[in-house]
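In: attaching a predicted model along with its sequence, questions to come.
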Amino acid sequence: MDISKKPKFKSDEVKRKEPKSKKLKRMDILRFITAGSVDDGKSTLIGRLLYDSKSILVDQMETLAGQSKNVEHADIDLALLTDGLRAEREQGITIDIAYKYFSTPKRKFIIADAPGHVQYTRNMVTGASTANLIVILIDARLGVIEQTRRHSIIASLLRIPHVVVAVNKMDLVEFSQDVYSNILIEYSKLAESLGLPDVKFIPISALKGDNVVDQSTNISWYEGPTLLSYLEEIDVESDINLEIPRFAVQYVIRPQTEELHDYRGYAGEIVSGVYSKGDKVNVLPQGISATIKSIFLGEQQVEEAFAPQSVTIELNEDIDISRGDVIVGAGNPPLVDNEFDVLLCWMDTKPLIAGNKYLLQHNSKVVRSVVREVEYKLDVNSLEKAFNPEQVQLNEIVRAKIKTQTPLVFDDYKKLRANGGVILIDETSNVTVGACMIEG
């Protein structure tokens, strides 16, 4: 029994504008993250995906077999494929985000293996910020625990569109359907309370390989897809907002040759929406109207382009446009302001104190900013709020008010995830210290 896919948030119910020239092809790259408590088997699961899908090279297999000789509980320790740090291998835990890439005939995958420890929450937020889907592992023996709730809350805050609940270690509960069903019922209540719109449950054994790549003969009562087949087929193209046009300028192209003496093109990635030749657009934050003269996808001129394509747009009007400016459609205007509220995950060992100044990056725009106020600290285990904290420590999540030196062009993160996230950067070290979701 899966949770209904009907959106829980009115802001998610956006009408879609399909491209005129062709329908979107199913996105051939799926970015997903694994999350769960320590020893739930996240790294082993990824290793099993790579191993059973034959995505491991011969030399990797030889190295893996050699390193696994010191491991007593398995002939080959598949977790070593992702636990790359020495401390990770020695302790048998994941500390840093490990990215793995593999492909099948149907799709390419980018996997982020996130740490399960509470003290590495910032690592999970980093990996989850660009994910289309999150795989939350639950130990069948333990059921829904505190870390399950914590990671589910973070998935909800980051608005990850799809959730797969992989009930792992089914071999250790004798592949019991009752155990699986009880976990499904308990997690369904949690998902409903958090407004997770699309949740799929799959019983697996990462160590033995049941229902990961190949269908399990031990779980005959389960009639759904394996984990890999579900990841191959899940539709993520509908996650791309095609109704609200946003294009952040990354580079101004001025060849200044005899042939292209007056050419001025604006290169960047379409954040959302569809752009067509002849469209009336607005350039923000200047607030100037213009018309699209041409669109180039690589060296080919096209009639229209859509998210997430990278294109060059030429306008009929001669306008002073710089990196970081935004070309938007005539309808559904974004917010333009230099002061806004954010939900902020603090990622630095130095505490955040109201009044601290940082560089703020939003898409291709970088501006100076100040954290004017920290309204409350959010307990990601219970969602309780502690108001007016004196300072914010590593891994804590807070609601804060930020003021920028110049106006930003943004959307509420709940309305348009692709244009509602910013990061804070330490001006001295250039280290990213905060990940923010704008609450307009």
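Out: Cool, the structure landed.
In: point out where the stretch 201-350 of the chain drops to low pLDDT.
Out: 256-258, 260-261 (pLDDT under 70).
In: all strands for it, in order.
Out: Under the criterion DSSP state E, counting those that start in this stretch, the stretch 201-350 of the chain contains strands at 246-248, 251-253, 265-272, 274-276, 280-284, 288-297, 300-302, 304-306, 310-315, 326-329, 335-346.
In: give me the domain ranges for this protein.
Out: The chain breaks down into these domains under automatic domain parsing: 13-239, 246-329, 335-439.
In: adding mean neighbour count, write those out as TSV.
Out: Glycine gets a C-beta too; all of them are placed from N, C-alpha and C. Listed next are these as TSV, based on neighbours: other C-beta atoms under 10 Å:
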stretch	mean neighbour count
domain 13-239	18
domain 246-329	16
domain 335-439	18
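In: turn the strands of the stretch 201-350 of the chain into CSV, including distance to Ser364.
Out: As requested, the strands of the stretch 201-350 of the chain are arranged in CSV below (distance: least, C-beta to C-beta, whole Å):
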stretch, distance to Ser364
strand 246-248, 5
strand 251-253, 8
strand 265-272, 7
strand 274-276, 17
strand 280-284, 13
strand 288-297, 18
strand 300-302, 22
strand 304-306, 17
strand 310-315, 12
strand 326-329, 9
strand 335-346, 16
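In: name the nearest residue to Gln215, sequence neighbours excluded.
Out: Leaving aside its sequence neighbours, Gln215 sits nearest to Thr226 (C-beta to C-beta, 6 or more residues apart in numbering; 5.7 Å).
In: you'd agree that neighbour is up against Ile202?
Out: Yes - Thr226 is within contact range of Ile202, at 7.4 Å (criterion: C-beta atoms under 8 Å).
In: what touches both of these two?
Out: Common neighbours of Thr226 and Ile202 (criterion: C-beta atoms under 8 Å, 6 or more residues apart in numbering): Asn211.
In: hang on, the earlier thing: now the residue nearest to Gln215. Its backbone dihedrals?
Out: When read as degrees, to the nearest 10, the backbone of Thr226 gives phi -70, psi 170.
In: now Lys189
Out: The phi/psi pair for Lys189 (degrees, to the nearest 10) reads phi -60, psi -40.
In: show me the residues around the residue nearest to Gln215 that make contact.
Out: Thr226 makes contacts with Ile202, Asn211, Val212, Val213, Asp214, Gln215, Ser216, as judged by C-beta under 8 Å, 6+ apart.
In: quick one: the second one and Tyr230, what's the gap?
Out: The one in question is Asn211. Distance, Asn211 to Tyr230, by C-beta to C-beta, to the nearest Å: 10 Å.
In: need the overlap of contacts for the two.
Out: Listed as contacting both Asn211 and Tyr230 by C-beta under 8 Å, 6+ apart are Ile202.
In: hmm, Pro334 is touching Leu284, no?
Out: Yes - between Pro334 and Leu284 there is a contact at 6.9 Å, judged by C-beta under 8 Å.
In: what touches both of those two?
Out: Here Pro334 and Leu284 share the contacting residues Val326, Val328, Val409, scored by C-beta under 8 Å, 6+ apart.
In: roughly how far apart are Met124 and Tyr263?
Out: Counting by C-beta to C-beta, the gap from Met124 to Tyr263 is 45 Å.
In: ditto for Arg254
Out: 7 Å.
In: do the same with Gly329
Out: Separation of Gly329 from Tyr263 (C-beta to C-beta): 24 Å.
In: again, but for Pro351
Out: Distance of Pro351 to Tyr263, computed by C-beta to C-beta: 50 Å.
In: those helices in the stretch 1-150 of the chain, which residues are they?
Out: 42-52, 58-67, 86-91, 121-128, 146-157 (DSSP state H, counting those that start in this stretch).
In: would you single out the least confident of the ones you listed?
Out: Lowest mean pLDDT within the helices of the stretch 1-150 of the chain: helix 86-91, at a mean of 41.
In: Lys403: which of the contacts of Thr226 is nearest?
Out: Ranked by distance to Lys403 (C-beta to C-beta), these are led by Ile202 at 45.5 Å.
In: so that closest one touches Leu228, yeah?
Out: No - applying C-beta under 8 Å as the test, Ile202 and Leu228 come out as separate, 10.1 Å apart.
In: quick one: common contacting residues for those two?
Out: Joint contacts of Ile202 and Leu228 (C-beta under 8 Å, 6+ apart) do not exist.
In: circling back: as TSV, the shared contacts of Pro334 and Leu284 with distance to Ala114 would be great.
Out: What follows is the shared contacts of Pro334 and Leu284, written out as TSV (distance: C-beta to C-beta, whole Å):
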residue	distance to Ala114
Val326	31
Val328	34
Val409	31
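In: for Ala248, state which of the residues you listed is nearest.
Out: When those are ranked by distance to Ala248 (C-beta to C-beta), Val326 comes first, at 5.4 Å.
In: ok, now which ones touch the closest one?
Out: Arg246, Phe247, Ala248, Val249, Val283, Leu284, Pro285, Pro334, Asn363, Val409.
In: same list, those, but as CSV with distance to Lys403 please.
Out: Output for the contacts of Val326, formatted as CSV (distance: C-beta to C-beta, whole Å):
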residue, distance to Lys403
Arg246, 23
Phe247, 26
Ala248, 21
Val249, 23
Val283, 23
Leu284, 19
Pro285, 15
Pro334, 18
Asn363, 19
Val409, 16
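In: which of these lies closest to Gln300?
Out: Lowest distance from Gln300 to those (C-beta to C-beta) belongs to Phe247, with 17.9 Å.
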